[in-house]
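sequence and predicted model, in that order:
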Amino acid sequence: QLQLVESGGGLVQPGGSLRLSCAASGFTLDDYAIGWFRQAPGKEREGISCISTSGDSTGYADSVKGRFTIARDNGKNTVYLQMNRLKAEDTGVYYCAAGRGYHYAGLAPSRYDYWGRGTQVTVSS
């Protein structure tokens, strides 16, 4: 069974950091472009970061550029999202997704085939 599981979310103060992990089971992540998405209450799901199959290309939404870093460890079948200088507007449920057939899939949710269930990130003092 193909599965993506996110972890690492939680409550953090503004200016703090979190590292999210996305672990795959039932398939090998090497062949998939990976994206991170988030959904805030009352808002649509938005793409915030993505990485190519080999890790040589990355993309970021303007809202997180310079603060978030995506990386992958294909040996561990895991993708990470390091989030620094967090802001209240970063609050939401964070999802990772795997896109089949792309070297680099970009930030459009429609390009992704498999989704995790999400992890909650709350930035509040």
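Perfect, I can see it now.

C-alpha from now on. contacts and neighbour counts both.
Noted.

give the residue spans of the chain that score low on pLDDT.
Within the chain, no stretch has pLDDT under 70.

which parts of it are helices?
For the chain, no helices turn up when DSSP state H is the criterion.

and the strands in it, which stretches?
Assigned by DSSP state E, the chain shows strands spanning 3-7, 10-12, 18-25, 32-39, 46-51, 58-60, 68-73, 78-83, 92-100, 114-115, 119-123.

from G92, how far out is the residue most central in space within the chain?
Central residue of the chain (Cα atoms, centre = their mean): W36, 2.4 Å from the mean position. Applying Cα to Cα, to the nearest Å, the value for W36 to G92 is 12 Å.

list the residues that contact both of the two?
The overlap between the contact sets of W36 and G92 (Cα atoms under 8 Å, 6 or more residues apart in numbering) is empty.

tell me how far the residue nearest to F68 when sequence neighbours are not counted lies from G116.
Here the nearest residue to F68 in space, its sequence neighbours aside, is M83; by Cα to Cα, 6 or more residues apart in numbering that works out to 4.5 Å. Separation of M83 from G116 (Cα to Cα): 19 Å.

then V93?
According to Cα to Cα, V93 and G116 sit 11 Å apart.

so what's S54 closest to, chain neighbours aside?
Per Cα to Cα, 6+ apart, closest to S54 is D30, 7.1 Å.

ok, the one you found - contacts?
D30 touches T53, S54, N74, N77, counting by Cα under 8 Å, 6+ apart.
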